[in-house]
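Colleague: Curious how this folds, go ahead:
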Amino acid sequence: QVQLVESGGGLVQPGDSLRLSCAASGRPIISYTVGWFRQAPGKEREFVASIVWSGITKEYADDVKGRFTISRDSTNNMVFLQMDSLQPNDTGVYYCALRSPNRFGSTSRDDFGSWGQGTQVTVSS
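Modeller: Presented below is the predicted three-dimensional model:
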């Protein structure tokens, strides 16, 4: 069983940066695609970014492309989300999760599991 723990959230102003971390324990996640999702108040949880086990292929939601960068440190069983030029509509709880092995290329939250508890990101002036 894998446990994921997110950290790094906080209250920032528009234009600021944050770096989120997703730490895995229980067993290595090196063979998994890891995704970041976020959920704003009153909205559904939505895909933000994902990275395959090799780190070569990364996917981003359209509204974060060019601002967010996903990376992974497989040696230490961690995945990161660098968020730059944050905007108020980036506000939400950010979660990391593992994609099911037979769901290649999917960005649907239904194809991800082992969700962490989330970390709150608030962008406000």
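Colleague: okay, CA-based contacts and neighbour counts for the rest of this
Modeller: OK.
Colleague: So Asn89, which state does it fall into?
Modeller: Judged by DSSP: H, G, I helix; E, B strand; the rest coil, the three-state class of Asn89 is helix.
Colleague: what about it, distance to Asp63?
Modeller: 10 Å (C-alpha to C-alpha, to the nearest Å).
Colleague: Also Gln13?
Modeller: With the distance defined as C-alpha to C-alpha, Gln13 ends up 18 Å from Asp63.
Colleague: for the residue positioned nearest the centre of the chain, what are its contacts?
Modeller: Closest to where the C-alpha atoms of the chain average out (C-alpha atoms, centre = their mean) is Trp36, at 2.1 Å. When contacts are counted by C-alpha atoms under 8 Å, 6 or more residues apart in numbering, Trp36 touches Phe47, Val48, Ala49, Ser50, Leu81, Tyr94, Tyr95, Cys96, Ala97.
Colleague: swap in Trp53?
Modeller: Residues in contact with Trp53, defined by C-alpha under 8 Å, 6+ apart, are Ile29, Ile30, Ser31, Tyr32, Thr33, Val34.
Colleague: pretty sure Arg103 is in contact with Asp111, am I right?
Modeller: Yes. Using C-alpha atoms under 8 Å, Arg103 is in contact with Asp111, at 6.4 Å.
Colleague: Could you check which of these two has the larger neighbour count?
Modeller: Counting neighbours by other C-alpha atoms under 10 Å for Arg103 and for Asp111 shows that Asp111 has the greater number, 16 against 13.
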